[in-house]
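Student: Here's a sequence, model it:
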Amino acid sequence: MTHQGHADYLKACKQRCDVLVLGVDSDTLVKNAKGVYRPIQTAKDRIQAIAEKADYCFEKEHPSFHYTKHLQPDYYFISKEREIPSEKIAKISSTKNFKDIIYIERNQKFSTTKTINLLNAAAHQRANQATNPQ
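Tutor: Next comes the predicted model:
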């Protein structure tokens with residue numbers, strides 16, 4: 001589910017590079033990382049929602065380092081909150097043009113998981129009110 005936090009993140013990325021290539025996780029990657037009830041939007045819908053924020057946008061079926069070896073980026077952007085294992089850093093940074101991993105501050109006001117949790121809580125509250133009227 002795309003939201004303003006994603007737009008803010010991509011804007012910050014775009015300000016730090018000449019060409020922004022954005023890989024959007026496939027539905028399978030999201031499901032494996034976030035759980036059976038995710039993603040909320042299909043990869044195609046997520047790409048359509050954010051494609052204008054990047055110069056090139058594609059659906060990722062594999063981990064990022066699979067694509068960096070072909071794309072040869074100068075920079076790799078990631079949220080400050082994310083931990084990157086050293087073996088992944090080594091794979092990402094092994095391309096000939098690579099300069100740096102840039103950590104981007106995430107807008108804490110927006111979170112897909114928080115939004116889903118709020119919607120679920122509201123749904124449970126309404127269901128309880130419907131079954132237990134006062």
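
Student: residue ranges with poor pLDDT in this structure?
Tutor: Across the chain, the ranges flagged by pLDDT under 70 are 1, 134.

Student: Which stretches in it count as strands?
Tutor: Counting by DSSP state E, one finds strands in the chain at the ranges 21-25, 56-60, 75-79, 100-104.

Student: Only the buried residues of the last one, if you could.
Tutor: Right, strand 100-104. Of the residues in strand 100-104, those buried under the neighbour-count criterion (16 or more other Cβ atoms under 10 Å) are I104. C-beta coordinates here come from the backbone N, C-alpha and C atoms, glycine included.

Student: for the second one, same thing?
Tutor: Buried positions in strand 56-60, judged by neighbour count with 16+ other Cβ under 10 Å: 57, 60.

Student: Can you name the residues in contact with that strand?
Tutor: Outside strand 56-60, the residues that touch it by Cβ atoms under 8 Å, 6 or more residues apart in numbering are 19-26, 29, 43-44, 47, 50-51, 67.

Student: In the beta-sheet assignment, what are the partners of the residue lying closest to I89 once chain neighbours are set aside?
Tutor: By the measure of Cβ to Cβ, 6 or more residues apart in numbering, the closest residue to I89 outside its immediate chain neighbours is I101, 6.7 Å from it. Taking DSSP bridges as the rule, I101 bridges to Y76.

Student: ok, I101 - contacts?
Tutor: I101 makes contact with 75-78, 84, 89, 92-93 under the criterion Cβ under 8 Å, 6+ apart.

Student: Got a quick ChimeraX command for the buried subset of those?
Tutor: Only the buried members of these end up in this ChimeraX selection, burial being decided by 16+ other Cβ under 10 Å:
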select :76,77,78,92
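
Student: any idea which of the contacts of I101 is closest to L119?
Tutor: Closest approach to L119 among the contacts of I101 (Cβ to Cβ): I78, at 27.2 Å.

Student: Now render the strands of the chain as JSON lines, adding distance to A123.
Tutor: Listed next are those as JSON lines, based on distance: least, Cβ to Cβ, whole Å:
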{"stretch": "strand 21-25", "distance to A123": "26"}
{"stretch": "strand 56-60", "distance to A123": "30"}
{"stretch": "strand 75-79", "distance to A123": "28"}
{"stretch": "strand 100-104", "distance to A123": "32"}
